[in-house]
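Undergrad: build me a model:
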Amino acid sequence: MNFFAVSRRFAITILLASACSLAASELAKPPIQFMPLEAVKPGMRGVAYTVFQGVKPQPMDVEVLGVMKGVNGPRQDLILIRLHGSAAEYTGVVAGMSGSPVYVDGKLVGAIAYRIGEFSKEPIAGVTPIGEMLEINELDRTQPAGSATPEAARSGSATRTSGPGMAEGLDSRQLIKPIDTPLVFTGFTPETLRSFAPQFAAAGIVPVAGAGSVSDDKQPEPLEPGSAVSMSLVEGDVNIAATCTVTYMDAEHLLACGHPVLQFGAVHMPMRKAQVVATLASPMNSFKIVNTTETVGAFVQDRHSGILGKFDAKPEMIPVTVSVHGGSQPREYHFRVLSNPRLTPLAVASSVFSSLQGTNEFSAEATYRVQGKIHVDGYPDVAVQNMFAPTENGPAPAFSAALMLGERFTRIFGNPVAQPQIMGLDLEVSLTNERRAARLETARTAVTEARPGDEIQVEAVLRPYRGERIVRRLAIKVPTSANRGPLRILVSDGDTLDRMRRVNDASALRLDLGSTIALLNKQHANNQLYDSMLEPHPQAIIEDKVMPAMPASIMNVMDGMRGTQDMTVTGESSVSEASVPLDYVVSGSQIISVDIK
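TA: Now for the predicted structure:
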């Protein structure tokens, strides 16, 4: 019988008898018993298990110092313990030890999860009570109806949601903090981690002193309480994996960590076995060097008191392919990224940046031509097409390309109307080892007057970086509906046009997913020169639709709909547009005035 599937009434009876049994066919070991928090007393002796090297958990003697009430939130208590033994006393509390099970009189008390102070001379740690960790099962909606958490194991704790975990500022002296979870970044260049460090920090990821690797190697040794277990955020040619320790497991589930990794709530990330290569002792923060190995299921919950994994769950990841051309030989990178609104944009951006920066052809003067598609289930593909060249004071072009991708994912994931299911990203990147940038210097036309239906020839002069001037001619037609009076011709780059037509933030928050994708696909490429006719009449943008030259009577009616419709109004209307492609990143704008007779 699975522990997580027993009824509440039966669970109470079992716990009062201090024995929660599993069928012998599921687990050959003696039945696991739980010790409720009220039974934990100072001076009790016990044992904890963690891996210091290899895959076999090693015992550490434990002395209970006391119970700290309400230090981890309202009615959220910690058990304070001191570790004994040569290994624990040498290394202290180790990053990666989170989740190490603690037993007293053979009964599971909880998981080592918190460290006390910095540069501590004694291995003193905080233990998350097992009753609080078992609550995570109630938050897992994939569980069958009627699954319950034993009342006696709750120890009076309130049911928890995915609210904030312990922040550093919660304790005035910052004495009690979650034990760091080593985050192994492989395939990422040092410059990638430096460049994206602020974004990682904002997403709740601070790469601690962690080292190791990620592979799909088979690991024949079975998981058990005290084993190292990893959560994959990115896997493939680049990897991000967080490692902690198994607290409890049965035939279908395991609990680990004893505190949140990122506190995402419901998640779907690969659950992998792990090997500890070595444990490095440090006065500041000891940590485990970890090799993450084969996938054995998926983590489905990341909550305040730990993480929950299921052995029969298949992780849902977003496949990404990046093909890089322009060097001595083409390169292709493959990786998979977790599907999460907060982290996926950052994971994609940093992974793509590392893929570009890690080639031998990478240089500070390289220009990148990027095109690709983001596949969204049930919707048109999101087109990705732009060109990125070095600038005097701007970010590196590879970094700009990565940020553009991250912004696309943020817009898709941030849609408030529909929950997107992103099926993948295919990206083609071509690089040239020269600065392909051109600035618009002048734009002129030979005419000062025109009539509706006339075609106006515009001549534009662009100055490339360290190159001869480029002359381009564009023909734009005056609409037959054009009114008498002044008409402006805007000659510009694509970004200038996008800024003119950008939907305000309030309206963007009301767009459905289809309209959001349509707007993204209408953005102008930055390697083209655009010629736009502007009439002095208001233009309305409703969702992804542009309505130019609106009559005053219609605008008066629509003006009363502001705040209830996804509408943005601009003072001028773009009534005609032409463009010419260039193999340069174009910047700058010019205005030409013409009278319509």
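Undergrad: low pLDDT regions in the protein?
TA: Counting by pLDDT under 70, the chain shows low-confidence ranges at 1-30, 72-75, 118-121, 138-174, 204, 206-211, 502-509, 537-573.
Undergrad: domain ranges for it?
TA: Taking automatic domain parsing as the domain assignment, the record places the domains of the chain at 3-310, 318-432, 437-596.
Undergrad: shouldn't residue 355 be within a helix?
TA: Yes - checked against DSSP: H, G, I helix; E, B strand; the rest coil, residue 355 lies within a helix.
Undergrad: wait, isn't residue 33 in contact with residue 109?
TA: No - under the criterion of C-beta atoms under 8 Å, residue 33 lies out of contact with residue 109, with a separation of 10.4 Å. Backbone N, C-alpha and C define where each C-beta goes, glycine included.
Undergrad: which one of these two has more residues nearby?
TA: Using other C-beta atoms under 10 Å, the more surrounded residue of residue 33 and residue 109 is residue 109, with 27 against 17.
Undergrad: quick one, longest strand in the chain?
TA: Looking only at the chain and at elements set by DSSP state E, the strand with the highest residue count is strand 286-303.
Undergrad: now for the very next helix or strand once past that strand, which elements pack on it?
TA: Downstream of strand 286-303, the next assigned helix or strand under DSSP states H and E is strand 306-310. Packing partners of strand 306-310 (3 or more C-beta pairs under 8 Å, 6 or more residues apart in numbering; DSSP states H and E): helix 136-139, strand 253-256, strand 286-303.
Undergrad: ok, which of those comes nearest residue 130?
TA: Taking C-beta to C-beta as the measure, these were each checked against residue 130, and strand 253-256 came out nearest at 8.3 Å.
Undergrad: adjacent strands (with direction) for that closest one?
TA: Strand 253-256 has the following sheet partners, assigned by DSSP bridges: strand 239-249 (antiparallel), strand 306-310 (antiparallel).
Undergrad: which residues touch it?
TA: Defining contact as C-beta atoms under 8 Å, 6 or more residues apart in numbering, one finds that strand 253-256 is touched by 2, 4, 98-99, 111, 133-134, 136-137, 223, 229, 244-249, 271, 306-311.
Undergrad: tell me what the helix or strand just after that strand is packed against?
TA: Sequence-wise, the next helix or strand downstream of strand 253-256 (DSSP H and E) is strand 265-280. Contacts defined by 3+ C-beta pairs under 8 Å, 6+ apart place strand 265-280 against strand 228-236, strand 286-303, strand 331-338.
Undergrad: okay, the helices and strands packed on strand 306-310, which one's buried deepest?
TA: strand 253-256 (a mean of 27; mean count of other C-beta atoms under 10 Å).
Undergrad: ok now that strand, how far from the chain's centre?
TA: Averaged C-alpha coordinates place strand 253-256 at 23 Å from its chain's average position (C-alpha atoms, centre = their mean, to the nearest Å).
Undergrad: then it to CSV, C-alphas only?
TA: Below are the C-alpha coordinates for strand 253-256, written out as CSV (Å, rounded to 0.1, in the frame of the first residue of the first chain):
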residue,chain,number,x,y,z
HIS,A,253,7.2,9.3,-5.0
LEU,A,254,10.1,10.9,-3.2
LEU,A,255,10.5,14.0,-1.0
ALA,A,256,13.7,16.0,-1.0
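Undergrad: the closest residue to residue 423 other than its chain neighbours: neighbour count?
TA: The shortest distance from residue 423 to any non-neighbouring residue, by C-beta to C-beta, 6 or more residues apart in numbering, is to residue 375 (4.1 Å). Using other C-beta under 10 Å, the number of residues around residue 375 comes to 16.
Undergrad: repeat that for residue 578.
TA: Counted with other C-beta under 10 Å, residues neighbouring residue 578 total 17.
Undergrad: so it sits against residue 478, correct?
TA: No - with contact defined as C-beta under 8 Å, residue 578 does not count as touching residue 478 (11.8 Å).
Undergrad: in this structure, where's the longest helix?
TA: Ranked by residue count and defined by DSSP state H, the top helix of the chain is helix 397-413.
Undergrad: residues in contact with that one?
TA: Contacts made with helix 397-413 from outside it, assessed by C-beta under 8 Å, 6+ apart, are listed as 195, 341, 344-346, 348-350, 352-353, 356-357, 362, 366-368, 370, 374, 376, 382, 384, 386, 388-390, 394-395, 420, 422, 425, 427, 429, 513, 516-517, 520.
Undergrad: angle of that helix against strand 331-338?
TA: Here helix 397-413 runs at an angle of 40 degrees relative to strand 331-338 (axes from the mean of the first three to the mean of the last three C-alpha atoms, to 10 degrees).
Undergrad: please name every helix or strand in contact with whatever helix or strand comes next after helix 397-413.
TA: Stepping forward along the backbone from helix 397-413, the first helix or strand reached (DSSP H and E) is strand 422-432. Under the contact definition 3+ C-beta pairs under 8 Å, 6+ apart, strand 422-432 sits against strand 317-325, helix 344-357, strand 367-376, helix 397-413.
Undergrad: redo the ones you listed as a markdown table? Include distance to residue 437.
TA: Converted to a markdown table, the helices and strands packed on strand 422-432 look like this (distance: least, C-beta to C-beta, whole Å):
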| stretch | distance to residue 437 |
| --- | --- |
| strand 317-325 | 20 |
| helix 344-357 | 18 |
| strand 367-376 | 8 |
| helix 397-413 | 9 |
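Undergrad: most tightly surrounded among those?
TA: helix 344-357 (a mean of 26).
Undergrad: just how off-centre is that helix within its chain?
TA: Chain-centre distance of helix 344-357: 11 Å, with C-alpha atoms, centre = their mean.
Undergrad: by contact count, what packs against it?
TA: Contact analysis of helix 344-357 by 3+ C-beta pairs under 8 Å, 6+ apart lists helix 190-202, strand 228-236, strand 317-325, strand 331-338, helix 397-413, strand 422-432 as its packing neighbours.
Undergrad: let's see it at 10 Å
TA: Of the remaining helices and strands, those touching helix 344-357 by 3 or more C-beta pairs under 10 Å, 6 or more residues apart in numbering; DSSP states H and E are helix 190-202, strand 228-236, strand 239-249, strand 317-325, strand 331-338, strand 367-376, helix 397-413, strand 422-432.
Undergrad: of the ones you listed, which approaches residue 464 most closely?
TA: Minimum separation from residue 464 across the helices and strands packed on helix 344-357 (C-beta to C-beta) falls at strand 367-376, 11.3 Å.
Undergrad: sheet-wise, list the partners of whatever helix or strand comes next after the closest one with their directions.
TA: Using DSSP H and E, the next helix or strand after strand 367-376 towards the C-terminus is strand 382-388. Partner strands for strand 382-388, per DSSP bridges, with pairing direction: strand 367-376 (antiparallel).
Undergrad: starting at the chain centroid, how far to the partner strand?
TA: 19 Å.
Undergrad: cool, and stretch 456-470?
TA: 41 Å.
Undergrad: got the end-to-end distance for it?
TA: One end of stretch 456-470 to the other measures 20 Å (C-alpha to C-alpha, to the nearest Å).
Undergrad: check which residues of it are buried.
TA: Buried residues in stretch 456-470, counted by 16 or more other C-beta atoms under 10 Å: 456, 458, 460, 462, 463, 464, 465, 470.
Undergrad: ok, now which ones touch the residue positioned nearest the centre of the chain?
TA: Against the mean C-alpha coordinate of the chain, by C-alpha atoms, centre = their mean, the closest residue is residue 343 at 0.9 Å. Residue 343 sits next to 199-200, 203-205, 233-234, 240, 262, 264, 267, 269, 337, 413 when contact means C-beta atoms under 10 Å, 6 or more residues apart in numbering.
Undergrad: do you know how far it is from residue 136?
TA: In this structure, residue 343 and residue 136 are 20 Å apart, going by C-beta to C-beta, to the nearest Å.
Undergrad: which strand residues bridge the residue nearest to residue 320 when sequence neighbours are not counted?
TA: For residue 320, the nearest residue in space outside its immediate sequence neighbours is residue 425; the separation is 4.6 Å by C-beta to C-beta, 6+ apart. Residue 425 forms beta bridges with residue 320, residue 374, as assigned by DSSP bridges.
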